[in-house]
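S.K.: Using only what follows, build the 3D model:
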Amino acid sequence: MKAFGKVAQGASLWQTLAHLTGLGLSTAGNKPLFLSSLQPMLKNPFYCGIIRYKGEYYRERMTR
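M.R.: Numbering: from 1, shown residues only. Modelled structure (predicted):
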């Protein structure tokens, strides 16, 4: 959610990537994030809590 918040506040994708990297975020293979991996995450509605089911979109809350 930090990435969505940064972009919503007007940060560029490069600034957001630098912020997330500074927080220690990396890929599953423990490699640094690249802009090419950040962009699809930000465009995917699933990552902001929107789920598509049988052609309909639903906003869901993530619980832990």
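S.K.: Quick check: phi and psi on the nearest residue to residue 38 once chain neighbours are set aside?
M.R.: Nearest residue to residue 38, sequence neighbours excluded (Cβ to Cβ, 6 or more residues apart in numbering): residue 17, at 5.4 Å. Placement of C-beta: from N, CA and C, glycine included. Dihedral angles of residue 17 (phi, psi; degrees, to the nearest 10) stand at phi -60, psi -40.
S.K.: and residue 17, what is it in contact with?
M.R.: Residue 17 makes contacts with 33-35, 38, as judged by Cβ atoms under 8 Å, 6 or more residues apart in numbering.
S.K.: Got a PyMOL select line for the buried ones in those?
M.R.: Remark: buried members of these, expressed as a PyMOL selection using 16 or more other Cβ atoms under 10 Å:
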select buried, resi 33+38
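S.K.: wait, which of the contacts of residue 17 is closest to residue 56?
M.R.: Using Cβ to Cβ, residue 38 is the member of these that lies nearest residue 56, at 27.6 Å.
S.K.: still on that earlier bit, need the max-distance pair from the contacts of residue 17.
M.R.: 33 and 35 (8.0 Å).
S.K.: Among the contacts of residue 17, name the ones in helices.
M.R.: Counted as lying in helices by DSSP state H, out of these, are 35, 38.
S.K.: Can you show me the helices along the chain?
M.R.: 2-8, 13-22, 35-43.
S.K.: now for those helices, which one comes closest to residue 53?
M.R.: helix 35-43 (19.2 Å).
S.K.: For stretch 43-61, give the mean pLDDT please.
M.R.: Averaging pLDDT along stretch 43-61 yields 80.
S.K.: Off-centre distance for it?
M.R.: In terms of Cα atoms, centre = their mean, to the nearest Å, the centre of stretch 43-61 is found 14 Å from the chain centre.
S.K.: CA-only coordinates of that stretch, as PDB, when you get a sec.
M.R.: Extracted as PDB, the C-alpha positions of stretch 43-61 are listed here (Å, rounded to 0.1, in the frame of the first residue of the first chain):
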ATOM      1  CA  LYS A  43      -1.700  -1.300 -12.700                       C
ATOM      2  CA  ASN A  44      -3.100  -4.600 -11.300                       C
ATOM      3  CA  PRO A  45      -6.400  -3.900  -9.500                       C
ATOM      4  CA  PHE A  46      -5.800  -6.900  -7.200                       C
ATOM      5  CA  TYR A  47      -3.000  -5.100  -5.300                       C
ATOM      6  CA  CYS A  48      -5.300  -2.200  -4.300                       C
ATOM      7  CA  GLY A  49      -8.100  -4.600  -3.100                       C
ATOM      8  CA  ILE A  50     -10.200  -5.000  -6.200                       C
ATOM      9  CA  ILE A  51     -11.100  -8.500  -7.100                       C
ATOM     10  CA  ARG A  52     -12.700  -9.700 -10.300                       C
ATOM     11  CA  TYR A  53     -15.100 -12.600 -10.000                       C
ATOM     12  CA  LYS A  54     -17.200 -13.800 -12.900                       C
ATOM     13  CA  GLY A  55     -16.700 -10.600 -14.800                       C
ATOM     14  CA  GLU A  56     -17.700  -8.400 -11.900                       C
ATOM     15  CA  TYR A  57     -15.400  -6.200  -9.900                       C
ATOM     16  CA  TYR A  58     -15.600  -6.200  -6.100                       C
ATOM     17  CA  ARG A  59     -13.700  -4.100  -3.500                       C
ATOM     18  CA  GLU A  60     -12.400  -6.300  -0.800                       C
ATOM     19  CA  ARG A  61     -10.700  -5.600   2.500                       C
END
